[in-house]
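A.B. asks: below: sequence and its predicted model.
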Amino acid sequence: MAVRYCVIMELIIKPTSQCNFACTFCSAGKLKIKKSKRVPDQIIKVIHTLNPSTIIFTGGDPLCVPIEYYNHVLELTDVPISLTSNLKSFYNNPQYWAPLLKNDRVGVATSFQYGNQRLWNHNTVYTETRFLDVVSRFESVVGYVPKFIAVIGNDNANKAIDHIFLAKSLGTKCKLNPVRAIGNSKITYPLYKMFDIWFDIKDRGLWDYVDQDPQFQGGCGFNSKHMCESCIRACWIDCHDKLHYGYCEELLSNGYSIPYEPICPIPTPQKLGIEQVISAKCYYCELYNLCNGCTFNRESAKWDPIFCQEMIKRKSLILQQKEWDIT
């Protein structure tokens, strides 16, 4: 039988763990990533052998790395690249970053959320007023309003819908990510509570302003296809020049790496072993794929004694959402 390969391959690269924000929940807060002006040879090898369809740079904040790094990337490959940045470096020096960010092959996503956990510096909350100032400057220089990510936790869940109203007012989209126990955060916001938020958004007719794609095989949030291992790779180089490599950025941040391999075959879909699933009852539930599709969610759910009963409460409504294709 011929081996199949994933058509969509996202390569996530962390070029630095340095950040000019001071967010309390930072998932990269404990990482020690080596920063350089040019792409390290080990990362170059990953790019060339993996041949991704897109490269996403996260951090820390990727704009804490000199512009030469990304110019080097653009020389190495012709695939589109995306930077997920708080844009503070751009805001402070827009003319320096403009040539890169206006490049047709470069896209930008940013971040903002209500509450007091995302900090401009150690003493200053990143407010909506400042966020609007940042994206206004970005639009005037680069020419569009970037999509943004909001991290949702117990502190701001009651304002989750406000992020979507904000995205609508800006003519862009927002991705709602649950906070997870990674880095500086000790708490994971559960999947069943995220579904309450997503249902509310749909009921209000605002789904067009949500940057979450249930159809993407490895898409976080609605991952039910068990395809992350074939469609996503993440990597960085630590201060000892060691390559950290995995199929999930979040798992990798928590220390779960895999041996480097240049090709990612699509595995034959199969049931997870009894030691892997959340509960033996999962095998008989229509939400098996949804609850167990994400390794991080699966492991977090095992520590949540009410996870299954809360998901079952929402099962009927979840199954009605045929266009999401998440079962």
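C.D. replies: Structure received.
A.B. asks: what is the end-to-end distance of stretch 46-55?
C.D. replies: Distance across stretch 46-55, first residue to last, is 11 Å (C-alpha to C-alpha, to the nearest Å).
A.B. asks: and stretch 44-56, by the same measure?
C.D. replies: Using C-alpha to C-alpha, the end-to-end distance of stretch 44-56 comes to 14 Å.
A.B. asks: cool, and stretch 114-130?
C.D. replies: 12 Å.
A.B. asks: ok, Ala280 to Leu272 distance?
C.D. replies: Here the criterion is C-beta to C-beta, to the nearest Å. By it, Ala280 lies 11 Å from Leu272. Yep, even glycine has a C-beta here, placed from its N, CA and C like the rest.
A.B. asks: more crowded one of these two?
C.D. replies: Leu272 (16 against 8; other C-beta atoms under 10 Å).
A.B. asks: so who does that one touch?
C.D. replies: Going by C-beta atoms under 8 Å, 6 or more residues apart in numbering, Leu272 touches Asn292.
A.B. asks: how about the one 4 residues further on?
C.D. replies: Gln276 sits next to Asn292, Arg298 when contact means C-beta under 8 Å, 6+ apart.
A.B. asks: at 10 Å what do you get?
C.D. replies: Cys282, Asn292, Thr295, Arg298, Glu299, Lys302 (C-beta atoms under 10 Å, 6 or more residues apart in numbering).
A.B. asks: write the PyMOL selection for whichever of these are buried.
C.D. replies: A single PyMOL command is used to select the members of the contacts of Gln276 judged buried by 16 or more other C-beta atoms under 10 Å:
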select buried, resi 282+292+295+298+299
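A.B. asks: possible to save the contacts of Gln276 as TSV with distance to Glu229 and pLDDT?
C.D. replies: Output for the contacts of Gln276, formatted as TSV (distance: C-beta to C-beta, whole Å; pLDDT from 0 to 100):
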residue	distance to Glu229	pLDDT
Cys282	19	93
Asn292	13	89
Thr295	9	86
Arg298	13	91
Glu299	15	90
Lys302	19	94
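A.B. asks: return the subset of the contacts of Gln276 lying in strands.
C.D. replies: Judged by DSSP state E, the contacts of Gln276 include no members of strands.
A.B. asks: so which of the contacts of Gln276 comes closest to Asn184?
C.D. replies: Nearest to Asn184 among the contacts of Gln276 is Glu299, at 18.8 Å by C-beta to C-beta.
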